[in-house]
Each structure stands twice: as C-alpha cells, then as structure tokens.
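**Q** 3D, please:
(chains A and B)
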Amino acid sequence: MKKWFSILLASVLVLTLFTACGNKVETAADANKSNNGKVEGKLTIWTFFGQVEDMAKEFEKKYPDAEVEVKIFPGDQYQTKLLNVLQSGKGVPDIFDLERSYIDKFVNSNFTANLSDMGAEDLVKDYVPYVHALGRAENGDVKAISDHSSPGGFWYIKENAKKYLGTDDPEQISQMVDSWDKIIELGKKVSKESGGKVHLISSHANIYDIEAYHMKPWVKDGKLKIDPKWLELYETQKEIFNNDVDAKLDFFSAGWGNAINDGSVILTAMPAWASFMVDNKDGAAEDKFGVARTPKGWYMGGTYRSIYEKSENKDLAYKFIEFIASEEWQQHNLEATGNMPGLLSVYEKNVDTFKSEMFGDQNVLKPYYDTVKDIPATNSDKYGEEVLAKWRKVSGQGVKDNDDIKDVIKEFKKEVKNTFPELEVE
Amino acid sequence: MRNSSINKSRYGFYFVLPYFIVFLVFGLTPILFSLYLSFTKWDGFSDPVWVGLDNYARLFKDTYFFKSIGNTLIIWIMSIVPQLILALALAMILNEKFIKGKHFFRAVFYFPNIVTPVTLGVLFSLMFDWQTGSVNKFLMAIGLVDDPVYWFNSPWLSRIIVAGVIMWQYFGFNMLVFIAGLQSIPEELYEAAQVDGATKWDMATQITLPLLKPVLLFTFITSVIGGLQLFDAPLMLGNGPDNSTLTMVMYLFQTAFQQFDYSYGAAIAYAIFVIVLFFSLISMKFSNMKKVEE
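**A** Below you'll find the predicted structure:
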C-alpha cells in the first residue's frame, strides 16, 4: 500500500471519528437581536417536558419573526446532561428548564441570569407566593420562573365517595378530612364497613407530601434541625398504617395506578398535573371524579425556566420568559392542558367558571386556589429536598417495621451525616 | 512459532492510531481526571477545591460504603452458585444426543441474556410487587400463603430477588460456554469409558467435570469481575430495606450523579477499582494454582 494512501486513510478515520462524536456547536451569532422593538431571532430551549413544544408554538404565533428550537430530554439524566454543557460552556441553550427538586443548586449558581435585573419582579408580583419564591436565589434575586403552580388535592371517584362517605360534594368531603385525626377516625370506619377491602387514603406517606412545606427548614446555620412536628406526625403515620386507614400503596406504583381507577382507595392525594394517570380512554373518566382539599395546602413538583447567563440571546430569551409568565399563555395552558396557573389573576378569572370534563360540574380551580394560598412562600434551600427524601426513606421504613421514633431518628441522623459530612448533626 | 517474515511495516501503526487516540481522549483522560477529582471537593457548580486525602479518609469511615461491599458480595455469591449449577446441569443435558429440540431450548435459555438488566429489574419489581405482583397472586391461588408476602420489606428476600434476577439473566450465557466446553471433549473418551462399563454418572464425574475445569474457571473469574460491578438490575429494584441491596456501583452512582458529589464519587470509584483488582488477583492466583495441580 502506498504510504500516502495509508496516511490519508488513517486521517479520514480519525476525522470521521471526531466529526461523529462532536456536537454541532450552536452559537447565537446568527440570531438577530431585537431591533426596533421587533422580536426576532432564534432561541434554543432545553427541557425534559414535552409540553414546552406547545409553548414554543404559541410564542412563535405571537412573534412570527422569532424561531424557537425545543430539545426534549426525557428521563432522569437531564440534570446531568445540562450540568455537563454548562460546565463546558459549549452548546448551552439560551433557556433551560429546571425541576423543583434540584432548582436550588442552579438558581444559586453563576450559570443562571439574574432575571430581577431584567425586570422580572414585575412579572411575578401577582404570582402565587410559593411559586415565585422557589425561583429566587438565597439573595432574593429572581433566577427562574415557572408558568404554573402544582397544587395537590384529594381526588375521589364520586360514586365511591357517595357509597362510603355518604356524599360526593367536594366541600362536605373537604370538611370531613380537614385534620389527620378526622382522617384516622373516618378511615377506621371505612375499613371496618368494607371488610378491609376499601381504604380511605392511599398511603401514610401522604403526610410527607402534605406537611413537608409547612415545617421549619431541615438545616439552619449548618446544623441539622428536626422540627418536633415530624415526631408527632410519625406517630400519626403509624396509627394510619396500623389501623388500615391507608392502602399502603407507594406513590406512582402499579397498585396505586390501579387504585385511582378502580376505587379501592377513596381519596388519593394527587397533584393537579397528574390527570394523565387516570384511565380516560373513550371518555371513561368523564364526570367521574371530584377534588377535595387536604388538611393543609401542598404542592408537588414544578418546572421552572432560567436564562443562561452567557447567552448571546438574552433579550429574546427574556421575551420568552415574559410570555410564559403572562396571562395570555397561562390562560391558554389552563384550557389546553388543565395545568394550574402561576398567576393569581388567572386563578381569580377562572375560579367560578373553569370546568374539566373529568370533574363534571365541579369548579376544580376552587380547591386548588384555596390550597395555593395556604402554601408558605419559601426560597429554594440546598438541603431541603434531599434531607426530606432521607426522612421519608428512614421513617417510612420505621412505620412499616413499627420502630420506635428514637431508632428512626438515630438512623436518620446517620444517613444525613454520611451524605452531608459538612453538617453538624447532634 | 513466530514467523520471521511478518511484515513489520510502520504503516500498520496508522491503522491502530485511531483506537489509541480514542482511548487517550475518552478512556485515559477521564480516568486521570477522576483521580484528580478524588483529591478535590467538587459539586459541578464551582471550581474543584484541592482537599488532599479527605475523600479517602471519609471513605474509611463510611459505613454505607462498607455495607455496599458486603451487599455486593452476598448478592454475587447468592447468584453465582445457583447460576453455575443450573448452567452446568442444563449444558450437560442439552449436550446429550438423545435430547430432542435441544437447539430450541439452548436459544430459549439464552433469551434472558439479551434483555437489558433495567428491563429485567422493572419486570421483577412488578412480579414481586406486594399487592399487585403475579408471584403473590400465584402463591395465594395455590394456597401456599394466606396473605401476600411483602418481599421488598425484608433485607434477605430483597437480596434473593436481586440475586435471582442476575442468575436468570446469565445462566443461559454460561450454559452456552459450558456447551462449547463440553463439545471440545473428545468423543473417544466417552466411547472408551462406555466399553469399560462406566455409568453416565462415572463419565460425568470422571471425564466431563475434570476436563471442563478451565471453562469453569473462566466463567468463575469473569463472574467475579462482573459480579462486583452489579448495578443496573439492583438499581431498578431500589436500595432495599436498611440499604440491603445497595451495591458498590449503585452507591457510586447515587453519590456522583444523584447527589452530585463528584469528588467523593471519584474516590468511591477508585476504591471499587482496588476491590475489583484485589478479587481479580485472588481469582487469577486460584486459577494458576489449579493449573499447577493439574
């Protein structure tokens, strides 16, 4: 073989390899900045959430000279993927979505642009307090904005509620279960009357979801603090578990999915966005469900959007953030998907009129509106979600094993100390 | 014997160059970078800060890491023993001439190996679900148990299920390796034994097993390395009660990619490397001793 040919071949192999592995480096250089008030240019958004495509479509409809490219990365590796591009600074999108469970790390980093400086305080002034608080960094700057709230409620099959609770009226049911004591008494009765086949709630773990954001922070001044209320609630959970008040179904497990549809559980604690879990094939769930309030206001999840600090497209990106924080988009989103708004004004405009096929005549915004107003506004906290997850894990096991609270606390402290050695754990 | 006429032209290096470049960029660099990271504190959001041996000192006090080593070894032993016995028994049966449809059964037993471990993990978690799982429904239908068994609330039952998933996935592969080994044993040996009046049992214990030793050792050594890296199937089944199914690589994954403690994750990775190396050397030593004995 000729020397030149072998060198050429080897070079082609190497070049091909690098071409295949390398990402197309996208710059915003070709995107025109807003000129004379005209909104134009190209935006790139990274998300894990499919509905962002509709958001982009509506934005393009409003601003025909703008183009939005949405890249969806489903699955739980999105965060790692995002962090990788942010660290390298190559191929970083102009806007990226953040999930509530890990938003704190990003909003407190230098990767996210300060939206307060861009005028975001005006965008969030009429927001549900807890929603905009989560998008703020520790210093109070708005670094991320969500277009929705995600309140939870007790969902129930009306027929089932009438049979076991004697009513399918959401207001009456809300009053019947407005405290854990009432839930325990009612649960015992349901279990007894149904011969142990039907349970009032799906899991004792509902307590974590409903109470978590009403507690004192887990970490203060570098020290682990266990709110004494958690210890009381642990005993309540044991009572729920040991008296068959709950069906012992883990959230999102196969049995839990069945229970929503077959009625073996009367009240299922569900976030407003979880309607996709309901079997509504050929309209099977139409007018089937009702929503009641839980003992306290709670929420689950939430998708926030931040602008990349070094984006060359910040003006256009901010226009997009402005759009998703607007009544126009949130009204559309409510009607199209049933996702609850982030703006209180959208709640207020729809609270007496908005209906959803699944919930028949009920004004479903009403229980959720009461709920979101009851949720304390707390800024993102570096330790909150992860320490809560450890408490859930350890105390959840303790409930199942009927352990003493002292053993649970000992094991919990061990887990926290191991994961966060920098914390002071007494 | 080495052929002195082999063309040692340097042009060949150009063809192997891409591999070495790829290894350098995507293999060696991350390995060395991980080593550097293991001496730092880094969460991915700011620059790494040099902390020397702090991560390794933390590792020596980390009871969860030691527990994950124990779990890995327990699960590996619980999976490898039945796996090899089943694979060997099936290989010997399916190597017999009189078995009809043996090619079909070889393919069927190999099937679990082509299913991804993640899928198997999900499948088993659904099968062993406390309330809706088919296993409990079956056991209750035949009257073996009155109440559903809470499989994943028991450390040992959880470990048995994880070991079962791994056993089920790999027994078919090992069976094929054993069949290949069995087919390399000369037929004349069996014929001679038959003439001498040996029974099937005699032939199995006196001819088959001794001649299959190298293959057995191969599967044993590869399973040591694979077993110590148990990850995807147990991950799908969760940490188990009291972290009873938390394996070493799961712990590494959770530390580095769920808690984003990259630097401590790197230290765990190096510790796992040392552990795998240690057990691999023991296995190799063991196999060399056997050769000497032969």
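**Q** Residues of the stretch 201-350 of chain A that sit close to chain B?
**A** Residues of the stretch 201-350 of chain A found near chain B (C-beta under 8 Å from any C-beta of the partner chain) are A:Ala247, A:Lys248, A:Leu249, A:Ser253, A:Ala254, A:Gly255, A:Asn258. For every residue, glycine as well, the C-beta is placed using N, CA and C.
**Q** Out of those, who's the most crowded?
**A** In terms of neighbours by other C-beta atoms under 10 Å in any protein chain shown, those top out with A:Leu249 at 26 neighbours.
**Q** From what I see, that one and B:Asp129 are in contact.
**A** No. Judged on C-beta atoms under 8 Å, A:Leu249 makes no contact with B:Asp129 at a distance of 10.0 Å.
**Q** so what sits against both of these two?
**A** Common neighbours of A:Leu249 and B:Asp129 are listed as A:Gly255 (criterion: C-beta atoms under 8 Å, 6 or more residues apart in numbering or on different chains).
**Q** Just the pLDDT for the residue of chain B at minimum distance from chain A.
**A** Using C-beta to the nearest C-beta, the closest approach of chain B to chain A is made by B:Tyr14 at 3.6 Å. Confidence at B:Tyr14, expressed as pLDDT, is 88.
**Q** quick one: which of the residues of the stretch 201-350 of chain A next to chain B sit in helices?
**A** A:Ala254, A:Gly255, A:Asn258 (DSSP state H).
**Q** residues from the stretch 101-250 of chain B in reach of chain A?
**A** B:Leu126, B:Asp129, B:Trp130, B:Gln131, B:Thr132, B:Tyr150, B:Asn153, B:Asn239, B:Pro241, B:Asp242.
**Q** Pretty sure A:Val408 sits in a strand.
**A** No. According to DSSP: H, G, I helix; E, B strand; the rest coil, A:Val408 belongs to no strand; its state is helix.
**Q** That one contacts A:Arg392, correct?
**A** No. Counting by C-beta under 8 Å, A:Val408 stays clear of A:Arg392, with 11.4 Å between them.
**Q** more crowded one of these two?
**A** Each of A:Val408 and A:Arg392 has its neighbours counted (other C-beta under 10 Å); A:Val408 has more, 21 against 15.
**Q** now the more buried one: how far from A:Asp181?
**A** Taking C-beta to C-beta, to the nearest Å as the measure, A:Val408 falls 22 Å from A:Asp181.
**Q** same check, this time on B:Asn239
**A** Distance, B:Asn239 to A:Asp181, using C-beta to C-beta: 33 Å.
**Q** got it, and B:Met167?
**A** 49 Å.
**Q** go on, A:Tyr369?
**A** From A:Tyr369 over to A:Asp181 (counting by C-beta to C-beta), the distance is 26 Å.
**Q** Give me the more crowded residue out of those two.
**A** Each of A:Tyr369 and A:Asp181 has its neighbours counted (other C-beta under 10 Å); A:Tyr369 has more, 21 against 11.
**Q** Hmm, that one is touching A:Lys349, no?
**A** No. A:Tyr369 is beyond contact range of A:Lys349, at 11.0 Å (criterion: C-beta under 8 Å).
**Q** Share the number of residues neighbouring A:Ile324, please.
**A** Neighbour tally, A:Ile324, other C-beta under 10 Å: 22.
**Q** In this structure it contacts A:Met55, no?
**A** Yes. Counting by C-beta under 8 Å, A:Met55 is a contact partner of A:Ile324 at 6.2 Å.
**Q** which neighbours do those two share?
**A** The contact sets of A:Ile324 and A:Met55 overlap at A:Asp147 (C-beta under 8 Å, 6+ apart).
**Q** check contacts around A:Asp404.
**A** By C-beta under 8 Å, 6+ apart, the contact list for A:Asp404 is empty.
**Q** And the most centrally placed residue in chain A, which helix or strand is it part of?
**A** The centre of chain A sits closest to A:Gly301, judged by C-alpha atoms, centre = their mean, with a distance of 1.2 Å. If you go by DSSP states H and E, A:Gly301 is not part of any helix or strand.
**Q** and if you look at the one 5 residues further on?
**A** In this assignment (DSSP H and E), A:Ser306 forms part of strand A:303-307.
**Q** same check, this time on A:Lys71
**A** strand A:66-72.
**Q** Please identify the pairing partners of that strand and their relative orientation?
**A** Note on strand A:66-72: by DSSP bridges, its sheet partners are strand A:41-47 (parallel).
**Q** State the phi and psi torsions of the nearest residue to A:Trp391 once chain neighbours are set aside.
**A** Residue nearest to A:Trp391 in three dimensions, not counting chain neighbours: A:Phe412, with 5.9 Å by C-beta to C-beta, 6 or more residues apart in numbering or on different chains. The phi/psi pair for A:Phe412 (degrees, to the nearest 10) reads phi -60, psi -50.
**Q** For the nearest residue to A:Lys390 once chain neighbours are set aside, what is the enclosing helix or strand?
**A** Leaving aside its sequence neighbours, A:Lys390 sits nearest to A:Glu415 (C-beta to C-beta, 6+ apart; 4.8 Å). Element membership for A:Glu415, per DSSP H and E: helix A:405-419.
**Q** for that helix, which positions count as buried?
**A** For helix A:405-419, burial by neighbour count (16 or more other C-beta atoms under 10 Å in any protein chain shown) applies to A:Ile405, A:Val408, A:Ile409, A:Glu411, A:Phe412, A:Lys413, A:Glu415, A:Val416, A:Asn418, A:Thr419.
**Q** for the stretch 151-294 of chain B, which spans come out with low pLDDT?
**A** Counting by pLDDT under 70, the stretch 151-294 of chain B shows low-confidence ranges at B:288-294.
**Q** Helices of that one, start to end?
**A** B:155-183, B:187-195, B:200-203, B:209-211, B:213-228, B:232-237, B:248-253, B:262-293 (DSSP state H, counting those that start in this stretch).
**Q** Make TSV from those and add mean neighbour count to it.
**A** Putting these into TSV (neighbours: other C-beta atoms under 10 Å in any protein chain shown) gives the following:
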stretch	mean neighbour count
helix B:155-183	21
helix B:187-195	12
helix B:200-203	12
helix B:209-211	13
helix B:213-228	17
helix B:232-237	22
helix B:248-253	22
helix B:262-293	16
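**Q** With A:Phe320 as the reference, name the closest of these.
**A** Closest of the helices of the stretch 151-294 of chain B to A:Phe320 is helix B:262-293, at 31.4 Å (criterion: C-beta to C-beta).
**Q** So for the nearest residue to A:Asn350 once chain neighbours are set aside, what's the pLDDT?
**A** Nearest residue to A:Asn350, sequence neighbours excluded (C-beta to C-beta, 6+ apart): A:Leu365, at 5.4 Å. Looking at A:Leu365, its pLDDT stands at 95.
**Q** swap in A:Trp298?
**A** For A:Trp298, the pLDDT comes out at 96.
**Q** How many neighbouring residues does it have?
**A** Residues lying near A:Trp298 (other C-beta under 10 Å) number 25.
**Q** just A:Glu171 next, same as before
**A** Using other C-beta under 10 Å, A:Glu171 is surrounded by 13 other residues.
**Q** Any figure for the gap between it and A:Leu186?
**A** According to C-beta to C-beta, A:Glu171 and A:Leu186 sit 16 Å apart.
**Q** Residue 102: what's it in contact with?
**A** You didn't say which chain, so I picked chain A. The contact partners of A:Tyr102, by C-beta under 8 Å, 6+ apart, come to A:Gln79, A:Glu385.
**Q** other chain: chain B
**A** Counting by C-beta under 8 Å, 6+ apart, B:Lys102 makes contact with B:Leu94, B:Asn95, B:Glu96.
**Q** Doesn't A:Met270 lie inside a helix?
**A** No. In this structure, A:Met270 is strand, not part of a helix, as judged by three-state DSSP.
**Q** Can you name the residues bridging to it?
**A** A:Gly153.
**Q** Check what pLDDT it gets.
**A** Predicted confidence (pLDDT) for A:Met270: 94.
**Q** Tell me the spacing between it and A:Ala254.
**A** For A:Met270 relative to A:Ala254 (C-beta to C-beta), the value is 16 Å.
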